[in-house]
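>>> quick one: sequence and predicted model below, then my questions.
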Amino acid sequence: MSLLPSCVRCLGFRLFFSSLAFAQQKPNIVMILVDDMGWGEVGVYGSKYCQTPHLDNLAKQGMRFTNFYANSTVCSPTRAALMTGRYPDLVGVPGVIRGNVENSWGYFSPKALTLPQVLKTAGYQTAMVGKWHLGLEPENHPNQRGFTHFHGFLEDMMDDYYTHLREGKNWMRLNKQVIDPPGHATDLFTQWAIDYLNTQKKNPKPFFLYLAYNAPHFPVQPPQEWVDKVKKRNPNLSEKRAKLTALIEHLDESIGKVMEVLRQNGQAENTLIVFSSDNGGLLSDEADNGIWKGGKQTMYEGGIRVPTIAVWKNKINANTKTDFRVLTMDLLPTFCEAAGAKIPPVVDGKSFLSMLKGEPKTSSDRPTFWVRREGGAYGGQEYYALREGNWKILQNTPFEPFQLFDMSKDSLETTDVRKANKPIYDALEKKLRRHIQKAGAVNWQK
């Protein structure tokens, strides 16, 4: 029997349950990032090929973005922007980080504060499942960059969805332990995410789960039963298109499984969920980027405008759509504000939490920049895009002149109007030049 007076015991219980309730007021956060999924691959975005009932259902529960932009045309820079809320070239990631040093175009700055590090200060459990792609150095392991739990793949891409090897090396890890699990990568990442959600079911602390699938990145390698299903439904598809459709539909079902576990565990009642892609779809894989010109690796809209959905029960109105223009880097300050975490003093992104909650919009017409550095035919040089208001300048290799488009009249980017609008081009080019100078001070090589 307790020797404490009953009033003290009652006060202690009240304080305990009060602190428990306070902890649970903070939302769990689940960030789902897929790899190379084009705008037109999701049903609610008008897909011609794919049936994505689970993503469509997610959109019905929340908000669909029509002007959401990845921070780059390729993988690593966008992921760096997500992790830091900064332009990727300002944290040392202007291009794709690879294990092959001669063809690696970034070094994720260990000085950059990351999203999981910030959320930890607000009492969050932090976990990552899936593709990291931000460096193989010990200082850039996910466990060193804020994730208490890591279960996934460190390298840039898998050469095979079943062997999980990259250039003959195994980069699958459970934290820092080398693992060699059997199975399709999408199925593995899904199960590992579910396992983590189940471990958090009775934990009063909120969690941040970053689930980064490598699908539908090439090699386009879906389970055969999914290919058979797609071909039976639409026998006129090319072999390449049928496989990409199957890989995406298999991915959609996997996301549905994760959402179902959130629901069963009661975690969906207070979880902010965001789904997005790191860049547009690859045209050589017959990806569908909707009405937009170009695809992965290009600065045209098809390379950077991506399908994005946000859900938060009783906070974000169901079955809504927004044309508010935001970028991947805006997610960090948004998540921080939702979590009650202090937004880092140096970020380039801007929180759009108030817009998610249906409050009046603020202007989204700030100047925004895109960059990619690459080897091969690009010569190790960078190419850029900049948009401010309705004007956008871009180039798709370092060796071509910039084009200028008036996006209010020509969102499909059909007519270069640079010659007729020299003062506008000059003003934009000056802003881009200053950004390039700023990024030039940041080391992107170890």
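On my side now, so go ahead.

>>> what bits of the protein have low per-residue confidence?
1-24, 363-364 (pLDDT under 70).

>>> residue boundaries of the helices in it?
Counting by DSSP state H, one finds helices in the chain at the ranges 6-25, 53-61, 75-84, 115-120, 185-199, 224-233, 239-264, 301-304, 331-339, 353-356, 422-440.

>>> among these, which comes closest to residue 411?
Among the helices of the chain, helix 301-304 comes nearest to residue 411, with 7.0 Å by Cβ to Cβ. Yep, even glycine has a C-beta here, placed from its N, CA and C like the rest.

>>> and that closest one, which residues are buried?
Using 16 or more other Cβ atoms under 10 Å as the test for burial, helix 301-304 gives 301-304.

>>> distance to residue 49 added to those, as a markdown table?
Shown next, in a markdown table, are those (distance: Cβ to Cβ, whole Å):
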| residue | distance to residue 49 |
| --- | --- |
| 301 | 19 |
| 302 | 16 |
| 303 | 19 |
| 304 | 21 |
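
>>> one step back: distance to residue 403 added to the helices of the chain, as CSV?
Shown next, in CSV, are the helices of the chain (distance: least, Cβ to Cβ, whole Å):
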stretch, distance to residue 403
helix 6-25, 49
helix 53-61, 33
helix 75-84, 21
helix 115-120, 34
helix 185-199, 37
helix 224-233, 37
helix 239-264, 29
helix 301-304, 13
helix 331-339, 29
helix 353-356, 30
helix 422-440, 9
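
>>> where's residue 75 relative to residue 155, distance?
Per Cβ to Cβ, to the nearest Å, residue 75 is found 11 Å from residue 155.

>>> neighbour count for those two, which is higher?
The neighbour comparison of residue 75 against residue 155 (other Cβ atoms under 10 Å) goes to residue 75, with 27 against 24.

>>> that one contacts residue 96, doesn't it?
Yes. When contacts are counted by Cβ atoms under 8 Å, residue 75 is listed as touching residue 96 (6.0 Å).

>>> where do the contact lists of those two overlap?
residue 156 (Cβ atoms under 8 Å, 6 or more residues apart in numbering).

>>> please report phi then psi for residue 107.
Geometry field for residue 107 lists phi and psi as phi -140, psi 110, criterion degrees, to the nearest 10.

>>> how many other residues sit next to it?
By the criterion of other Cβ under 10 Å, residue 107 has 20 neighbours.

>>> how about residue 351?
Around residue 351 there are 20 residues (other Cβ under 10 Å).

>>> okay, the closest residue to it other than its chain neighbours and residue 46: tell me how far apart.
Spatial nearest neighbour of residue 351, excluding adjacent residues (Cβ to Cβ, 6 or more residues apart in numbering): residue 333 at 4.0 Å. In this view, residue 333 and residue 46 are 30 Å apart by Cβ to Cβ.

>>> quick one: which of those two has more around it?
residue 333 (22 against 12).

>>> what's the spacing between that one and residue 419?
38 Å.

>>> contacting residues around residue 382?
Counted by Cβ under 8 Å, 6+ apart, residue 382 has contacts 89, 94-95, 371-373, 398, 436.

>>> one more time with 6 Å, if that's ok
Neighbouring residues of residue 382 by Cβ atoms under 6 Å, 6 or more residues apart in numbering: 94, 371, 373.

>>> repeat for residue 317
Here residue 317 is in contact with residue 358 (Cβ under 6 Å, 6+ apart).

>>> how about residue 435, nearest residue that isn't a chain neighbour?
Here the residue nearest residue 435, using Cβ to Cβ, 6+ apart, is residue 369, at 5.1 Å.

>>> beta partners for the one you found?
For residue 369, the beta-bridge partners under DSSP bridges are residue 386.

>>> got a list of what it touches?
Residue 369 sits in contact with 87, 386, 435, where contact means Cβ under 6 Å, 6+ apart.

>>> with residue 270 instead?
residue 27.

>>> one more time with 8 Å
24-25, 27-28, 313.

>>> distance of it from residue 336?
Relative to residue 336, and taking Cβ to Cβ, residue 270 is found at 17 Å.

>>> same deal with residue 382?
29 Å.

>>> equivalent analysis for residue 294, please.
Applying Cβ to Cβ to residue 294 and residue 336 gives a distance of 32 Å.

>>> next, the spatially closest residue to residue 347 that is not a sequence neighbour: phi, psi?
Nearest non-adjacent residue to residue 347, counting by Cβ to Cβ, 6+ apart: residue 85, 3.8 Å away. Dihedral pair for residue 85: phi 70, psi 20, per degrees, to the nearest 10.

>>> what number of residues lie near residue 85?
30.

>>> quick one: it and residue 341 touch, right?
No. At 11.6 Å, residue 85 does not count as touching residue 341 under the criterion of Cβ under 8 Å.
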